[in-house]
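J.: Turn this into a structure:
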Amino acid sequence: MQIALSRRCIAEFFGTFWLVFGGCGAAILACGFPAFGIGFVGVALAFGLTVLTMAYAIGHISGCHLNPAVTLGLVAGKRFPAKEILPYWIAQVVGGIAAAGVLYVIASGQPGYAVGGFASNGYGPSMSGGFGSPGGYSLIACLVAEVVLTFFFLLVILGSTDQRAAKGFAPLAIGLCLTLIHLIGIPVTNLSVNPARSTGPAIIAGGPALQQLWLFWVAPLVGAALAGLFYSAVLAEHEAPPVAEEPVTYAA
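T.: Residues are numbered from 1 along each chain as shown. As a prediction, this is how the structure comes out:
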């Protein structure tokens, strides 16, 4: 039975909320905590766990996209109807913004708290306050990293959810893949591969984070669309064309 679009969008809202709250929350509240900070590895694992847990919680309801790039990639891969992109995108972005707002309320309760970069994504020289690329990587380097990492993220999603793949293991593969690409990409851009994840923190941080937000929409969407097209054209199972029947000849 087809689940109503409104219910699926509600699931996407809460799922994306959990991704941003869990992943960015780990970066904001726990990464640099004196003596007990979880570091980049902990943040990468937190992002992977948010997707893993939500995939089991709402995957059967909305597909658990939690990411405008994933939704676009699934459309390009012929796995999702194009007419439902906009409602999913709205639910995902609003969920990410709401999570960032709740995180701000919690984080600002610490004495002397300064918003700073607020786990936002960035490129170019690292700036005071946590803006820009953590490792000072250039715009081109950050663009390439986001496109490539999103491309492979979508390949894992499309492959692990293929009808030919082992059943029930897709959430594990997807969650571990998101952990892996965070381990690679956090030093480069703070890793996005998800416009909704980037938008919420950028709105709270403002300034350079908002000015650089365009990259973290363009690059993930491009990488996801390329992956969807590639998987559909090359890796998907295609039915063999029907054997042409001999034309019927009618006697005059």
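
J.: what's the helix or strand for the nearest residue to Gly25 once chain neighbours are set aside?
T.: Leaving aside its sequence neighbours, Gly25 sits nearest to Leu103 (C-beta to C-beta, 6 or more residues apart in numbering; 5.4 Å). From N, CA and C alone the C-beta is placed, and that goes for glycine too. Using DSSP states H and E, Leu103 maps to helix 85-107.

J.: What residues sit buried inside that helix?
T.: 88-89, 91-100, 103-104, 107 (16 or more other C-beta atoms under 10 Å).

J.: Please state the mean pLDDT value computed over it.
T.: The pLDDT scores in helix 85-107 average 98.

J.: just checking, what packs against it?
T.: If you count contacts as 3 or more C-beta pairs under 8 Å, 6 or more residues apart in numbering; DSSP states H and E, helix 85-107 packs onto helix 5-25, helix 68-76, helix 195-205.

J.: 10 Å - rerun?
T.: Here helix 85-107 touches helix 5-25, helix 39-62, helix 68-76, helix 195-205, going by 3 or more C-beta pairs under 10 Å, 6 or more residues apart in numbering; DSSP states H and E.

J.: packing partners for the last one?
T.: Right, the one you point to is helix 195-205. Partner elements for helix 195-205 (3+ C-beta pairs under 10 Å, 6+ apart): helix 5-25, helix 68-76, helix 85-107, helix 208-211, helix 215-230.

J.: and that helix, how far from the chain's centre?
T.: 12 Å (C-alpha atoms, centre = their mean, to the nearest Å).

J.: and the angle for that helix with helix 68-76?
T.: 160 degrees (axes from the mean of the first three to the mean of the last three C-alpha atoms, to 10 degrees).

J.: Could you do the second one as well?
T.: Note on geometry: by the same axes, to 10 degrees, helix 39-62 and helix 68-76 are set 50 degrees apart in direction.

J.: Could you pull out the buried residues of helix 39-62?
T.: Buried, per 16+ other C-beta under 10 Å, within helix 39-62: 40, 43-55, 58-59, 62.
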